[in-house]
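1. Curious how this folds, go ahead:
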Amino acid sequence: MTNSFYDFTARDIKGSEVSMADYRGKTVIVVNTASKCGFTPQYTELQKLYDEYKDRGLEILGFPCNQFAHQEPGDGEAISQFCSINFGVSFPLFEKIDVNGSTAHPIFQYLTKALPGSIGKRVKWNFTKFLIGPDGTPVKRFAPADSPLSMKPLIEELLAKNDSKAVS
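-> Down below sits the predicted model:
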């Protein structure tokens, strides 16, 4: 039985296996993304959060997903180029995955179980955001329509806890 976010791995956009344990001690946002979605402009706000807080321990992990109206049709290279050219994305992107159903990536199975949404243990749409504390505990789920910037107060609270640990 997996008890922690840190027990999982995923392949990055280039196909290398990445352990979520690499993010131990960091505040993490896990988000399922798509290049052709009405919420795609959220990449701008996600990058803004990353730029503002990465030096204090925020990580954003983008997981492209094509399960919602086929809004992420490209391969890894196309997705990476789109995000970089159009939104200046510099936070980690991962291989395209499923977030719902029997083929859902284990990370999303874990997160949707830990933080069910309005439709239960499923992801409603692209740009569902999961905030994970520095101890690996899923803290809060944000709906696709929620602005990433609306997460700032909780991000700052989690980072402040981490800052105080670093000082003591």
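
2. Going by C-alpha atoms from here, please, whenever you check contacts or count neighbours.
-> Fine.

3. List the contacts of the residue nearest to the spatial centre of the chain.
-> Central residue of the chain (Cα atoms, centre = their mean): Val30, 1.6 Å from the mean position. Taking Cα atoms under 8 Å, 6 or more residues apart in numbering, we find Val30 in contact with Ile60, Leu61, Gly62, Phe63, Lys129, Phe130, Leu131, Ile132.

4. Inside strands: which ones of those?
-> Ile60, Leu61, Gly62, Phe63, Lys129, Phe130, Leu131, Ile132 (DSSP state E).

5. Make TSV from those residues and add neighbour count to it.
-> Converted to TSV, the ones in strands among the contacts of Val30 look like this (neighbours: other Cα atoms under 10 Å):
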residue	neighbour count
Ile60	23
Leu61	20
Gly62	25
Phe63	26
Lys129	25
Phe130	23
Leu131	25
Ile132	23
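
6. Greatest separation within those residues: which pair is it?
-> Phe63 and Ile132 (15.0 Å; Cα to Cα).

7. quick one, what contacts the nearest residue to Phe87 once chain neighbours are set aside?
-> Spatial nearest neighbour of Phe87, chain neighbours left out: Thr44 (5.7 Å); criterion: Cα to Cα, 6 or more residues apart in numbering. By Cα under 8 Å, 6+ apart, the contact set of Thr44 is Phe87, Gly88, Val89.
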